[in-house]
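Student: here is my input; please provide its structure:
(chains A and B)
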Protein chains: 2
Amino acid sequence: MTSDGETEARYRRYIDALNGRRLSELEEFVHDELTYNGRPITRHDFERRLLNEIAAVPDLYFNVQLLLATPDLIASRINFRCTPTGELFGLQPNGRTISFSENIFYELRDGRFSALWSVIDEAAIRAQLTA
Amino acid sequence: MTSDGETEARYRRYIDALNGRRLSELEEFVHDELTYNGRPITRHDFERRLLNEIAAVPDLYFNVQLLLATPDLIASRINFRCTPTGELFGLQPNGRTISFSENIFYELRDGRFSALWSVIDEAAIRAQLTA
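Tutor: Have a look, this model is predicted:
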């Protein structure tokens, strides 16, 4: 049994939309209401969060290292290598280029994200921005 | 396409071994040499790390919330609710019971782990142990 190709392809279109800054396409991939690590949010909240991150990290680029996909659940490890210019997770930029990873699960309902379960390596970010 | 039942069952036996503190069974699940977030380690290193964590957190219990498995790759979200009594990730215990999650991928070769890619929510741990 292998990862689901169709769901994978769709997920990669989502990542391409993020990297291409086409957040207007989020509706195609994300429900109006969802949960993020168990807390209810709206797609609008989610978009605003992404916009804030992109504002703080203009060269933010989502690089998928590992991917498993079924029609109901996706797991992805995303690597970032970027240079924050604004505050990120409460930390001030120091001009350095930093590397960190996010391991994230997406629960799907009718093909769109209904719940995200993310862990971002904030310890790595902290170590690099406070070094 | 769905998650692979046989690999899932085997993974749950691994988790049961951790929760049952049967680390002598690690050899069944983990190669002699592997990588942890890209760094080469031995199974002995891995076992020692687990022993240190269990010493610092005697009630450490691995509670699998989400699981995707193929014969080559497993993704798991593990929730912890525990009371550290020793230093954990450089943080001193404060008597509190804390909750945090780990999202982790396991690459498999011949059914055993050859590479682990883990992100632990250290920011959550820090927030709860320094509150």
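Student: hmm, who's touching the helix or strand where A:Arg13 lies?
Tutor: Using DSSP states H and E, A:Arg13 maps to helix A:5-19. If you take CB atoms under 8 Å, 6 or more residues apart in numbering or on different chains as the criterion, helix A:5-19 is touched by A:23, A:25-26, A:28-29, A:50, A:61-62, A:64, A:67, A:69-71, A:74, A:76, A:78, A:106, A:108, A:111. No exception for glycine: its C-beta is placed from N, CA and C like everyone else's.
Student: which residues of chain A lie near chain B?
Tutor: For chain A, the residues in contact with chain B (CB under 8 Å from any CB of the partner chain) are A:1-4, A:37, A:65-66, A:68, A:70-71, A:73, A:75, A:77, A:89, A:101-105, A:117-123, A:126.
Student: list buried residues within these.
Tutor: A:3-4, A:66, A:68, A:70, A:73, A:75, A:77, A:101-105, A:117-123, A:126 (16 or more other CB atoms under 10 Å in any protein chain shown).
Student: okay, the angle between the lengthiest strand in chain A and helix A:5-19?
Tutor: Of all the segments of type strand in chain A, defined by DSSP state E, the longest one is strand A:98-109. Strand A:98-109 runs at 130 degrees relative to helix A:5-19, counting by axes from the mean of the first three to the mean of the last three CA atoms, to 10 degrees.
Student: report the strands that pair with strand A:98-109, each with its relative direction.
Tutor: Using DSSP bridges, the strands paired with strand A:98-109 are strand A:73-82 (antiparallel), strand A:112-120 (antiparallel).
Student: just send these back as a markdown table, with mean pLDDT too.
Tutor: As requested, these are exported to a markdown table (pLDDT from 0 to 100):
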| stretch | mean pLDDT |
| --- | --- |
| strand A:73-82 | 98 |
| strand A:112-120 | 98 |
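Student: export the ones you listed to TSV and tack on distance to A:Ala56?
Tutor: Shown next, in TSV, are the strands paired with strand A:98-109 (distance: least, CB to CB, whole Å):
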stretch	distance to A:Ala56
strand A:73-82	10
strand A:112-120	13
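Student: pull the helix or strand with minimum mean pLDDT from chain A.
Tutor: When the helices and strands of chain A are scored by mean pLDDT, DSSP states H and E, helix A:122-129 comes last with a mean of 94.
Student: elements contacting that one?
Tutor: strand A:98-109, helix B:122-129 (3 or more CB pairs under 8 Å, 6 or more residues apart in numbering or on different chains; DSSP states H and E).
Student: just put these in CSV and tack on distance to A:Ala56.
Tutor: As requested, the helices and strands packed on helix A:122-129 are arranged in CSV below (distance: least, CB to CB, whole Å):
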stretch, distance to A:Ala56
strand A:98-109, 12
helix B:122-129, 16
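Student: quick one: which of these is nearest B:Thr85?
Tutor: helix B:122-129 (11.9 Å; CB to CB).
Student: flag every buried residue along stretch A:46-61.
Tutor: Neighbour-count burial for stretch A:46-61, counted by 16+ other CB under 10 Å, picks out A:46, A:53, A:56-57, A:60.
Student: how far off centre is that stretch?
Tutor: With CA atoms, centre = their mean, to the nearest Å as the basis, stretch A:46-61 stands 10 Å off its chain's centre.
Student: that'll do, ta.
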